[in-house]
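Engineer: A structural model of the following input is requested.
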Amino acid sequence: QVQLVESGGGLVQAGGSLRLSCAASGSIFSINAMGWYRQAPGKQRELVAAITSGGSTNYADSVKGRFTISRDNAKNTVYLQMNSLKPEDTAVYYCNGGVVVTPLADEYDYWGQGTQVTVSS
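Structural biologist: Residues are numbered from 1 along each chain as shown. Purely as a prediction, here's the structure:
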């Protein structure tokens with residue numbers, strides 16, 4: 001069984017910073033793309049940032065220049081450094097990973113349980 005566990009959320013004032021972490025554990029052969037999504041109350045879940053196993057990244061326009069995604073493949077961990085936070089960044093942040101459990105298996109999407117980020121004005 002594969003688990004993704006997020007940490008690092010919390011309450012921060014506007015302009016502040018937070019760093020989210022997501023560690024994948026279990027029966028893992030490899031992880032392809034990993035990403036961070038968020039869902040604010042009453043809104044659909046949206047992609048915040050993603051990173052391939054080779055390190056290529058892409059970001060939502062709303063976070064470009066403020067957020068940085070990175071990963072440690074040896075630790076099966078992905079990070080999201082969030083700077084210059086705004087109240088509109090308030091949401092539950094979810095980690096996602098495309099996991100392959102054996103060399104012949106298909107990739108399967110796994111999700112973390114989510115971590116709350118609240119930015120006060």
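Engineer: Could you tell me how many residues sit around the residue nearest to residue 23 when sequence neighbours are not counted?
Structural biologist: What sits nearest to residue 23 in space, not counting adjacent residues and going by C-beta to C-beta, 6 or more residues apart in numbering, is residue 77, at 4.7 Å. C-beta here means a position set from N, CA and C on the backbone, and glycine is covered the same way. The tally of other residues near residue 77 (other C-beta atoms under 10 Å) stands at 20.
Engineer: So what sits opposite residue 77 in the bridge?
Structural biologist: Judged by DSSP bridges, the bridge partners of residue 77 are residue 23, residue 72.
Engineer: Quick check: the gap between it and residue 106.
Structural biologist: Distance from residue 77 to residue 106, counting by C-beta to C-beta, to the nearest Å: 23 Å.
Engineer: do the same with residue 57
Structural biologist: To residue 106, residue 57 is 24 Å away according to C-beta to C-beta.
Engineer: okay, the two: which has more neighbours?
Structural biologist: When residue 57 and residue 106 are compared for neighbours, residue 57 comes out ahead with 14 against 8, by other C-beta under 10 Å.
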